[in-house]
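Enquirer: Got a predicted structure here, sequence first:
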Amino acid sequence: MEENIDGHFFVDSTCIDCGACRKFAPVNFGATGEFAFVKQQPQSVTEELEAKQALVACPTGSIGTTQKTNLEKAQNSFPLKIAPEIFINGYNARDSYGADSYFIQSSSGNWLVDSPRFTKKLVRKFEELVGVKYIFLTHQDDVADSDLFAKYFQAQRIIHKLDAHSSKEAEIVLSSDEDRIIDQGKIIFTPEHTKGHQVLLWDDKYLFTGDHFAWLNRRNRFGSFRDACWHSWEEQIKSVEKLRSLTEVQWVFPGHGHRKQVADNTFVEIIDDAVVWMKLVA
């Protein structure tokens, strides 16, 4: 594409603008609003690795190089540690429109939050981390290859019944709108991106929000996606308000949108501000 800066890396016309590349290599990849492009070729060893991680993560194989490139270091960097006990998986899945998924390492059993692509390299790394006990599926859109991971690791899939048609063999189907505690995780029912959307609060400080709530780079704020609310915006605002009780949150880890660290004792203020803004865009 003509928007690409000349050089080693490029983005081709198969791009679906999922945004995955800009999370791993924000210096090197930009967006037109319709697709991603290379805005700057890597200028350092770190940027080179990040661009390769973006290539590996790309769900559509839309990032390429002008000559054969060794991707082993980038491939082996996933799952990539981003906080204590928290990893981002890379290998984003097209079936999830390129949504991020996460791995939680826990002495009581490891969790996947939503699903990456099922690849041998990632499976091997999960095995080194002692496997997967639970696969928490935030909602129907980001199920991807969860069935394959569940079968391989004998893991239990968790989903709400209103979205369970997307994971018909899920072992744990929640039917209540009340919070559910499993190990160190609190599951909170948060419709209306989808009817059965849920978020996961881990250890009181890590909030995995699926497609419900995220840092919105273009707006420079936290909020929800007005154009991706498939049911009631008013009800989704109420679901965001429910998060106000989570006073110790330190990180927000979404599927779509950007992850972001939260300053101490500010999450209530963040939710209040997001709700005010969401009501203005109703």
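Expert: Yep, that arrived.

Enquirer: Look at His256 and say how many residues are nearby.
Expert: His256 has 22 neighbouring residues, counting by other C-beta atoms under 10 Å. Any C-beta I mention is one placed from the backbone N, CA and C, and that applies to glycine too.

Enquirer: ditto for the one 3 residues further on
Expert: The burial metric for Arg259, expressed as a neighbour count using other C-beta under 10 Å, is 21.

Enquirer: next one: Arg221
Expert: Neighbours around Arg221, by other C-beta under 10 Å: 12.

Enquirer: now do the one 10 residues further on
Expert: Using other C-beta under 10 Å, the number of residues around His231 comes to 13.

Enquirer: repeat for Leu162
Expert: 19.

Enquirer: Run a quick check on it versus Pro191, I expect a contact.
Expert: Yes: at 7.5 Å, Leu162 counts as touching Pro191 under the criterion of C-beta atoms under 8 Å.

Enquirer: mind saving the C-alpha coords of stretch 209-219 as CSV?
Expert: The C-alpha trace of stretch 209-219 is given here as CSV (Å, rounded to 0.1, in the frame of the first residue of the first chain):
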residue,chain,number,x,y,z
THR,A,209,-12.6,-6.4,30.2
GLY,A,210,-13.1,-8.2,26.8
ASP,A,211,-14.9,-5.7,24.5
HIS,A,212,-16.7,-4.0,27.3
PHE,A,213,-14.3,-1.2,28.5
ALA,A,214,-10.9,-0.1,27.4
TRP,A,215,-8.4,2.8,26.9
LEU,A,216,-9.5,4.5,23.8
ASN,A,217,-6.4,5.9,22.2
ARG,A,218,-8.1,8.2,19.6
ARG,A,219,-10.1,9.8,22.4
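
Enquirer: Tell me which residues are up against that stretch.
Expert: Here stretch 209-219 makes contact (C-beta atoms under 8 Å, 6 or more residues apart in numbering) with 22, 99, 114, 138-139, 141-142, 190, 193-194, 197-199, 221-225, 228, 236, 239-240, 243, 252-260, 274.

Enquirer: Are any of these buried, and if so which?
Expert: Neighbour-count burial (16 or more other C-beta atoms under 10 Å) is assigned, among the contacts of stretch 209-219, to 22, 99, 114, 138-139, 141-142, 190, 193-194, 197-199, 222-225, 236, 239-240, 243, 252-259, 274.

Enquirer: Cross those against helices and list the overlap.
Expert: Counting by DSSP state H, the part of those found in helices is Arg22, Gln236, Ser239, Val240, Ala274.

Enquirer: Which one of those residues is nearest to Arg180?
Expert: Distance to Arg180 across those (C-beta to C-beta) is lowest for Ser239, with 15.6 Å.
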